[in-house]
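S.K.: okay, structure incoming, though there's no sequence with it:
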C-alpha cells in the first residue's frame, strides 16, 4: 500500500509543479480513500482541486503524461 500512496503523492506533485498557483489540492477518491481498495479489482481515482474557472489548455497533456 505504501507504493500506491507514494504514486498518488507523485501524481499530486506532478500537477502542483506544472499548474503552480492554479493547483490547490489533490485528493484520493473511491475505494482508495474509503479503505476498500483491492489490488486486483480497483482503479486509482485522484481528484484535483484547481483555483481557476477553466482548466489550463495543457491539462489534457498533463493528464496523459505516461511517466510520473
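M.R.: Alright, I've got the coordinates. On a predicted model such as this, the values are computed, not experimentally measured, just so you know. Numbers count the residues shown, from 1 in each chain.
S.K.: and the helix or strand of the chain with the lowest mean pLDDT, which residues are buried?
M.R.: Here the helix or strand of the chain ranked lowest by mean pLDDT, DSSP states H and E is helix 59-64, holding a mean of 86. Neighbour-count burial for helix 59-64 flags residue 59 (criterion: 16 or more other CB atoms under 10 Å). Yep, even glycine has a C-beta here, placed from its N, CA and C like the rest.
S.K.: for that helix, packing partners?
M.R.: On a contact count with 3 or more CB pairs under 8 Å, 6 or more residues apart in numbering; DSSP states H and E, helix 59-64 meets helix 2-19.
S.K.: next up, the contacts around the residue positioned nearest the centre of the chain.
M.R.: By CA atoms, centre = their mean, the mean C-alpha position of the chain lies nearest to residue 46, the distance being 4.1 Å. Taking CB atoms under 8 Å, 6 or more residues apart in numbering, we find residue 46 in contact with 8, 11, 12, 26, 27, 28, 29.
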